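Q: Give me the fold of what follows.
(chains A and B)
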2 protein chains.
Amino acid sequence: MSLDTAAQTPAAKPHERLASFLADDLVAVDTLIRARMASEHAPRIPEVTAHLVEAGGKRLRPMLTLAAARLCGYGGPYHVHLAATVEFIHTATLLHDDVVDESERRRGRPTANLLWDNKSSVLVGDYLFARSFQLMVETGSLRVLDILANASATISEGEVLQLTAAQDLATDEAIYLKVVRGKTAALFSAATEAGGVIAGADEAVVSALHTYGDALGISFQIVDDLLDYAGSADATGKNIGDDFRERKLTLPLIKAVARADDTERAFWVRVIEKGDQRDGDLEHAMSLLARHAALDETRAEAMAWAARAKDALAPLPDHPLRAMLVDLADYVVARIN
Amino acid sequence: MSLDTAAQTPAAKPHERLASFLADDLVAVDTLIRARMASEHAPRIPEVTAHLVEAGGKRLRPMLTLAAARLCGYGGPYHVHLAATVEFIHTATLLHDDVVDESERRRGRPTANLLWDNKSSVLVGDYLFARSFQLMVETGSLRVLDILANASATISEGEVLQLTAAQDLATDEAIYLKVVRGKTAALFSAATEAGGVIAGADEAVVSALHTYGDALGISFQIVDDLLDYAGSADATGKNIGDDFRERKLTLPLIKAVARADDTERAFWVRVIEKGDQRDGDLEHAMSLLARHAALDETRAEAMAWAARAKDALAPLPDHPLRAMLVDLADYVVARIN
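A: Residues are numbered from 1 along each chain as shown, chains lettered A, B, ... in the order given. Reported below is the predicted structural model:
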């Protein structure tokens, strides 16, 4: 544990302080990931996996598991297995998402489906999911297996829901929340909850860790969806209006559609449901978002979820990691303020 | 248990006698499958799943689990969960296989990727895999989870290996066997082994059940690959030479390539590696298979694996189901005699 290092860099961002505090654990996670993504017979597997794993993601999800376990005083080896599990599940879903979305770039690099092919992305994703499953079994905790099995079902159900809800103006905030839980929050909450369970924490603490991960994940995704309309390409690596062009019904649009008059509704039907988009449509959409205060309200919801995440941490033991998790919730919404 | 019904139809095929003997269990499996393929929020999931599950597959894999458990005297409820697990894993791999192979027909009907889209097939496959994982966790048996996690990894590794080995003349019989274990035998052996484990059978019996499933699965797949060159479209629903046109290196071709002289090798390089196929090439390929006795030797290997499957059953308790499993091994190779 590198408490000293973390203490020496108070100005660092929360996820950097977490990485510093959990440095030894993260090395163990990376070693385990590298060992388990190997395949004696199918070299395509580590090639594809390494492309994504080594692209410099923030390792946010595995850090949540490590932090939760350490915060609860865990001293055994299995939080490392669970952190690797969570990263494998995340990587598997990214591989499949990029096939489903026909994406060409991820983390600033060409996607695996572009560099190899869709087949490799589908099958290597399946392999990583199976490997994650083996890692969980090694922990010997049926409760952890239950948590991660349920999260896996929520994730894929959310993905299918997103597929069928896309381009459908009937998508409301309740459906949006289910999609967001599936695509982001389910793995966040499973990551924190599993960390608490493996540490043998009290039920109240386990429940608090679940709530924290869930609220943090929802906040994280709402911010992402807001930045698609309110961010700058420099900060996000995405262009303004990508979701609009892809006809995705995210929270800002859902709010504007809910308040649309007949003329506005006809506009949304044309550009989102029919996909008939013309020059100036994005600008008109932005003016409708402004008219109905859709971006301000979306921002307020992201803030409220971040506040819920922080509140959830109250029953947790006083610990440097608790403070970092509080700061992490603030940091997630800092980009939109 | 419908022992009487089974006894009344001695002339039925072995899988029909198994279905008859296990009729009550199979009803329970179907009920569980139907309950677990539901999704409150994403109706696309049961639509896609039902398309495949109700297309009239033989339910061979779930029957293997049920038969193994009953044969070992199991009286609990969880063999039904495991049978549904095995069917879900099988259905998930079919959905992903059809995306990878760009298939248009499966079990005589258009594939899900054709009726809906690749996206739905990828994501519904993921959902079924997650659901299978939940079903396993419900059994509370870590050993069963270990068996099925390992099988899942072997399956997807075999699929990736098949992807990279296809069209590569360096593919030898050892690689072929790994691919076959991945695509077929791993789930057969996990199905039988898990049935024994849930019944609390002796190690010798569990090991025998694993060996039976493995050998049966290998025999099954070799027969399938042989029939692609030696079958009739009526019997197989496939056209002669489909694998040849898709440039798949299955056992008959691997044997012929291993014995090719320079001229023959140039032919295989052109039609398989380069994919430059012309009129008359299939006929020439068939003549090379005949020249090197590739079909006869492939047939002999299928027979040998079926014999191994039957031999493996020796340590099992004397039981009507044991006799049906012996007959099943004979039946698998009956199509090539």
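Q: give me the element A:Asp98 is part of.
A: Element membership for A:Asp98 (DSSP states H and E) is helix A:78-100.
Q: Report the inter-axis angle for that helix versus helix B:78-100.
A: 40 degrees (axes from the mean of the first three to the mean of the last three C-alpha atoms, to 10 degrees).
Q: center of chain A - which residue?
A: Closest residue to the average C-alpha location of chain A: A:Thr184 at 3.8 Å, with C-alpha atoms, centre = their mean.
Q: any idea how far that one is from B:Ala304?
A: The gap separating A:Thr184 from B:Ala304 is 52 Å, by C-beta to C-beta, to the nearest Å. To be clear about C-beta, it is placed using only N, CA and C from the backbone, and glycine gets the same treatment.
Q: A:Asn239 too?
A: In this structure, A:Asn239 and B:Ala304 are 61 Å apart, going by C-beta to C-beta.
Q: In space, what's closest to A:Phe220 - neighbours in sequence excluded?
A: What sits nearest to A:Phe220 in space, not counting adjacent residues and going by C-beta to C-beta, 6 or more residues apart in numbering or on different chains, is A:Val332, at 5.2 Å.
Q: wait, what's in contact with the one you found?
A: A:Leu216, A:Ser219, A:Phe220, A:Val223, A:Ala302, A:Ala306 (C-beta atoms under 8 Å, 6 or more residues apart in numbering or on different chains).
Q: Please tell me how far stretch A:270-290 is from the chain's geometric centre.
A: Per C-alpha atoms, centre = their mean, to the nearest Å, the displacement of stretch A:270-290 from the mean C-alpha position of its chain is 27 Å.
Q: quick one on the thing from earlier: kindly reformat the contacts of A:Val332 as TSV containing distance to A:Leu18 and secondary structure.
A: Output for the contacts of A:Val332, formatted as TSV (distance: C-beta to C-beta, whole Å; DSSP: H, G, I helix; E, B strand; the rest coil):
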residue	distance to A:Leu18	secondary structure
A:Leu216	12	helix
A:Ser219	17	helix
A:Phe220	15	helix
A:Val223	18	helix
A:Ala302	21	helix
A:Ala306	16	helix
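Q: Just put those in CSV and tack on pLDDT.
A: Formatted as CSV, the contacts of A:Val332 follow (pLDDT from 0 to 100):
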residue, pLDDT
A:Leu216, 98
A:Ser219, 98
A:Phe220, 96
A:Val223, 96
A:Ala302, 97
A:Ala306, 98
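Q: Selecting buried members of those residues in ChimeraX, what would you type?
A: Selecting only the buried entries of the contacts of A:Val332 in ChimeraX, with 16 or more other C-beta atoms under 10 Å in any protein chain shown as the criterion:
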select /A:216,219,220,223,302,306
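Q: Export the contacts of A:Val332 to TSV and append columns for distance to A:Leu95.
A: Converted to TSV, those look like this (distance: C-beta to C-beta, whole Å):
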residue	distance to A:Leu95
A:Leu216	24
A:Ser219	25
A:Phe220	20
A:Val223	24
A:Ala302	27
A:Ala306	29
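Q: for the stretch 1-150 of chain A, what are the low-confidence residue spans?
A: For the stretch 1-150 of chain A, applying pLDDT under 70 flags the ranges A:1-11, A:55-56, A:106-107.
Q: Write out the residues of it neighbouring chain B.
A: A:39, A:41-45, A:93, A:96, A:99-100, A:118-120, A:122-124, A:126-127, A:129-131, A:133-134, A:136-137, A:140, A:142, A:145-146, A:149-150 (C-beta under 8 Å from any C-beta of the partner chain).
Q: Among these, name the buried ones.
A: Buried members of the residues of the stretch 1-150 of chain A next to chain B, scored by 16+ other C-beta under 10 Å, are A:39, A:41-42, A:44-45, A:93, A:96, A:99-100, A:118-120, A:122-124, A:126-127, A:129-131, A:133-134, A:136-137, A:142, A:145-146, A:149-150.
Q: what's in contact with stretch A:287-305?
A: Under C-beta under 8 Å, 6+ apart, the answer for stretch A:287-305 is A:215-216, A:218-219, A:222-223, A:225-226, A:229-230, A:251-253, A:255-256, A:259-260, A:264, A:267, A:332-333, A:336-337.
Q: Which members of those are positioned in helices?
A: The members of these that map onto helices under DSSP state H are A:215-216, A:218-219, A:222-223, A:225-226, A:229-230, A:251-253, A:255-256, A:264, A:267, A:332-333.
Q: show me what contacts A:Val180?
A: Contacts for A:Val180 (C-beta under 8 Å, 6+ apart) come out as A:Gly158, A:Gly217, A:Ile218, A:Gln221, A:Ile222.
Q: With distance to chain B, neighbour count and pLDDT added, can I get those in TSV?
A: Shown next, in TSV, are the contacts of A:Val180 (distance: C-beta to the nearest C-beta, whole Å; neighbours: other C-beta atoms under 10 Å in any protein chain shown; pLDDT from 0 to 100):
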residue	distance to chain B	neighbour count	pLDDT
A:Gly158	8	26	90
A:Gly217	18	28	98
A:Ile218	16	24	98
A:Gln221	17	25	96
A:Ile222	19	29	97
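Q: Can you lay out these as JSON lines showing distance to A:Leu313?
A: Listed next are these as JSON lines, based on distance: C-beta to C-beta, whole Å:
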{"residue": "A:Gly158", "distance to A:Leu313": "25"}
{"residue": "A:Gly217", "distance to A:Leu313": "15"}
{"residue": "A:Ile218", "distance to A:Leu313": "16"}
{"residue": "A:Gln221", "distance to A:Leu313": "20"}
{"residue": "A:Ile222", "distance to A:Leu313": "19"}
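Q: Hmm, A:Ala19 and A:Leu26 touching each other?
A: Yes: A:Leu26 is in contact with A:Ala19 according to C-beta atoms under 8 Å; the separation is 6.2 Å.
Q: now A:Met224: how far from chain B?
A: I think there's a mix-up here, since residue A:224 is Asp and not Met. Computed with C-beta to the nearest C-beta, to the nearest Å, the distance linking A:Asp224 and chain B is 20 Å.
Q: So A:Pro145 sits against B:Val144, correct?
A: If you look again at residue A:145, you'll see it is Leu, not Pro. No: between A:Leu145 and B:Val144 no contact is recorded; they are 11.2 Å apart, counting by C-beta under 8 Å.
Q: Filter the residues of the stretch 1-150 of chain A next to chain B down to just the ones in helices.
A: The helices, defined by DSSP H, take in A:44-45, A:93, A:96, A:99-100, A:118-120, A:122-124, A:126-127, A:129-131, A:133-134, A:136-137, A:142, A:145-146, A:149-150 from the residues of the stretch 1-150 of chain A next to chain B.
Q: on that earlier part again, going by distance to B:Asp202, which of the contacts of A:Val332 wins?
A: Closest approach to B:Asp202 among these (C-beta to C-beta): A:Leu216, at 49.0 Å.
Q: Skipping its backbone neighbours, what lies nearest that closest one in space?
A: That would be A:Ala309: by C-beta to C-beta, 6+ apart, it lies 4.4 Å from A:Leu216.
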